[in-house]
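Participant: Model the following, please.
(one chain, ligands or ions: 2)
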Amino acid sequence: MPDALPPVVLLTGPILEGVVERQLRERFRLVPVEALSDELAPQVRGIAAKHKDGVAEALMARLPALEIVANFGVGYDNVDFAAAAARRGVVVTNTPDVLTEEVADLTLGLLIATVREIPQADRFVREGRWLEGGYRLTASLRGRRVGLIGMGRIGRAIAGRIEAFGLPVAYHARHAQGDLPYRHYPDLLALAREVDVLIAIVPGGPATRHMVNADVLAALGPEGILVNVARGSVVDEAALLAALKARTILGAGLDVFADEPRVPADFLALDNVVLLPHVGSATHHTRAAMGQLVVDNLVAWFEGRGPLTPVPETPWSGRG
Ligand code: NAP
Ligand code: 8YV
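Facilitator: Ligands and ions are numbered 1, 2, ... in the order given. Modelled structure (predicted):
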């Protein structure tokens, strides 16, 4: 009996050299999406997807044998999971938990960098301007009240760090979480009125699109700081630019953008915003763990053990 051929798995983008792709190549017939032919398409049973490389229904429609989409990242708004789950019965997996602490660390770094103007002060020294006098006094974290938009895995890790800095925490989410000591605000606008730091850490997608809008920014106020480590779609970027230019808010720290890697030029010209290239989880340590979870999900699935981390929209009940 000849050995069964390895399952064909589509790679929508370079996930990781070494660790992940070597393991994937050892176990699967890996096909880069740009090499997908009409002859190969009917053989594709899995997809290894990276956040920015969307997996839309149009791609799935070409893959009648598709069983699983293993997403490299905990956010899966790049995968049309409605199509995958409701219309095709495809299981979607993501990479929760292994990146939680890393992203929370980066979030605190971005918050401090934004409030204390660390990038601007670095440029001040490099440009020799210290020779002409000291850097301006900045805002402080002291005495601030922090509101989290989202209190999930990463939100909780961020909240713990904020508390360690001696600052009070409140949050907005659709559901209150009784095990937490923080005040829950079912209404984001009400939360924005009560705090002077807002940190967005919710999933992307239609339900959270532009939830941080001009009204929320006005409620945050002229001493307010916005940090977005969620998805660019969560913030109305035009409203944020207007608020930063008009000093409706004091400043912003952004790790995500609506049209990555393109960032609106107006942001680049502002001195009250810190800009990062979506690096919340971007360390060797954490990206290796994420990549390993992609491999482990695909291996478990094709060995008949089911997915390890299916997303809530594609629950795994062990169906045959
Ligand atoms: P999670 O555990 O699922 O938490 C999501 C949180 O968002 C929950 O508190 C949830 O509470 C809330 N939420 C969901 N939909 C909402 C809505 N429509 N309105 C208000 N709140 C809503 O996810 P996680 O592991 O913390 O990750 C969160 C997100 O962070 C990811 O989806 C991803 O977009 C982003 N992320 C970014 C980076 C980066 O590199 N910058 C890295 C990792 C993750 P309720 O269900 O009660 O509303
Ligand atoms: C990664 C992220 O940037 O996990 C997520 O949702 O946003 C980050 O960890 C992304 O998923 C992979 O490029």
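Participant: And the pLDDT for the closest residue to ligand 1 within the stretch 151-300 of the chain?
Facilitator: Relative to ligand 1, the nearest point of the stretch 151-300 of the chain is Gly152 (1.8 Å; Cβ to the nearest ligand atom). C-betas here are computed from N, CA, C, even on glycine. If you check Gly152, the pLDDT there is 98.
Participant: Output the below-cut-off pLDDT ranges for the chain.
Facilitator: Within the chain, the segments meeting pLDDT under 70 span 1-3, 16-18, 319-320.
Participant: Now do the same contact list for Leu131.
Facilitator: Listed by Cβ atoms under 8 Å, 6 or more residues apart in numbering, the contact set of Leu131 is empty.
Participant: What backbone torsions are found at it?
Facilitator: Here is the backbone geometry of Leu131 (degrees, to the nearest 10): phi -60, psi -20.
Participant: Quickly note the distance from it to ligand 1.
Facilitator: Distance, Leu131 to ligand 1, using Cβ to the nearest ligand atom, to the nearest Å: 37 Å.
Participant: now the strands: where do they sit in the stretch 201-320 of the chain?
Facilitator: 225-228, 251-254, 273-275 (DSSP state E, counting those that start in this stretch).
Participant: Same check on the stretch 51-200 of the chain?
Facilitator: 68-72, 91-93, 146-149, 169-172, 183-185, 197-200.
Participant: Quick check: which of these is nearest to ligand 2?
Facilitator: strand 68-72 (5.3 Å).
Participant: now the closest residue to ligand 2 within the stretch 101-250 of the chain, nearest residue through space, not along the chain?
Facilitator: Residue of the stretch 101-250 of the chain nearest ligand 2, by Cβ to the nearest ligand atom: Val103 (6.8 Å). Distance criterion Cβ to Cβ, 6 or more residues apart in numbering; nearest residue to Val103, sequence neighbours excluded, is Gly280 at 4.1 Å.
Participant: just checking, the one you found touches Glu102?
Facilitator: Yes - between Gly280 and Glu102 a contact is recorded at 7.1 Å, counting by Cβ atoms under 8 Å.
Participant: The longest strand seen in the chain vs ligand 1: in contact?
Facilitator: Ranked by residue count, the top strand of the chain under DSSP state E comes out as strand 44-50. No - against ligand 1, strand 44-50 shows no contacts by Cβ under 6 Å from any ligand atom, the least distance being 12.1 Å.
Participant: So which of Gly280 and Glu102 has more stuff around it?
Facilitator: Gly280 (24 against 21; other Cβ atoms under 10 Å).
Participant: how close does that one sit to Leu106?
Facilitator: Applying Cβ to Cβ, to the nearest Å, the value for Gly280 to Leu106 is 5 Å.
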